[in-house]
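Participant: A structural model of the following input is requested.
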Amino acid sequence: MFDHLSLQCDDLDASRRFYETLLAPIGISVVMEFGDVLALGGPDGAPKFWLGKQTTGGTQREIHVAFTAPNRTTVDTVHRTARDLGAEILHEPKEWPEYHPGYYAVFVRDPDGNNVEAVSHS
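Facilitator: From the prediction side, this is the model:
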């Protein structure tokens with residue numbers, strides 16, 4: 001449905017470390033950077049998830065973003081990685097049948113307070 005997503009970060013370096021480490025098990029890494037902006041992408045190298053320094057000021061509202069994991073093992077790896085990073089675990093990995101059968105996900109908090117999910121639909 002969307003082409004790409006961009007988040008503003010209070011501490012771009014902290015967010016970069018968080019997302020590079022957290023999303024590595026899914027095959028997502030920094031594919032482009034310039035100045036105070038960087039983009040992450042998957043194996044195709046397309047910049048889909050952008051991070052930049054906070055520029056609009058004010059209070060940031062929580063955003064929820066979900067990344068597709070190929071299987072449950074990868075969701076569990078993302079969970080362990082988040083724990084190793086010291087990230088707040090919002091919901092341990094589990095199946096969420098209220099969404100649909102086979103929906104298996106973990107939810108964690110990023111350095112800016114956003115709700116980040118890794119989900120497998122298998």
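Participant: just the helices in this protein please.
Facilitator: Assigned by DSSP state H, the helices in the chain fall at 12-23, 72-85.
Participant: same list (these) but as JSON lines, adding distance to H4.
Facilitator: Glycine gets a C-beta too; all of them are placed from N, C-alpha and C. Formatted as JSON lines, the helices of the chain follow (distance: least, Cβ to Cβ, whole Å):
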{"stretch": "helix 12-23", "distance to H4": "14"}
{"stretch": "helix 72-85", "distance to H4": "21"}
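Participant: of all the ones you listed, which one is nearest K48?
Facilitator: helix 12-23 (11.1 Å; Cβ to Cβ).
Participant: pLDDT score for G57?
Facilitator: Listed pLDDT for G57 reads 74.
Participant: picking that back up, can you put the helices of the chain in JSON lines and add mean pLDDT and mean neighbour count?
Facilitator: Listed next are the helices of the chain as JSON lines, based on pLDDT from 0 to 100; neighbours: other Cβ atoms under 10 Å:
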{"stretch": "helix 12-23", "mean pLDDT": "97", "mean neighbour count": "18"}
{"stretch": "helix 72-85", "mean pLDDT": "98", "mean neighbour count": "18"}
